[in-house]
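Undergrad: got a predicted structure here, sequence first:
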Amino acid sequence: MAKKKESPRIAFRLTEREKKQAMSLAARCGLSLSEYLRQRALGFEPKAVQPDAYFVFCEKLDRLTEPPFPRVV
């Protein structure tokens, strides 16, 4: 069985407050903390994803704006 090649690790320290903030930002982007920090380190700025409740709200709002009956032309 071939041994899995390990990736180099980079370790750094954060205060508890900084870690909580980084975890919160990662969660807003739908990323793990590791992936969020990796993207930031490589110069990317991950975008926050909309929560599911937003899409449910938009769908309900769309239904409310539809005419109740088909238009007769």
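TA: Okay, I see it.
Undergrad: quick check: which ranges of the protein have low pLDDT?
TA: Along the chain, the model assigns pLDDT under 70 to residues 1-2, 70-71, 73.
Undergrad: how about the strands in it?
TA: In the chain, no strands are defined using DSSP state E.
Undergrad: look up phi and psi at residue 46.
TA: Main-chain dihedrals, residue 46, degrees, to the nearest 10: phi -60, psi 140.
Undergrad: how far away is the spatially closest residue to it that is not a sequence neighbour from residue 56?
TA: Counting by Cβ to Cβ, 6 or more residues apart in numbering, residue 29 is the residue found nearest to residue 46 once chain neighbours are left out, at 4.0 Å. Quick note: C-beta positions are derived from backbone N, CA and C, even for glycine. As judged by Cβ to Cβ, to the nearest Å, residue 29 and residue 56 stand 20 Å apart.
Undergrad: with residue 39 instead?
TA: From residue 39 to residue 56 the distance is 28 Å (Cβ to Cβ).
Undergrad: of these two, give the one with the bigger neighbour count.
TA: residue 39 (15 against 10; other Cβ atoms under 10 Å).
Undergrad: what's the burial count for the closest residue to the more buried one other than its chain neighbours?
TA: In space, and not counting its chain neighbours, residue 39 is closest to residue 46: 5.2 Å by Cβ to Cβ, 6+ apart. Using other Cβ under 10 Å, residue 46 has 16 neighbouring residues.
Undergrad: quick check: residue 46 vs residue 68, distance?
TA: Counting by Cβ to Cβ, the gap from residue 46 to residue 68 is 42 Å.
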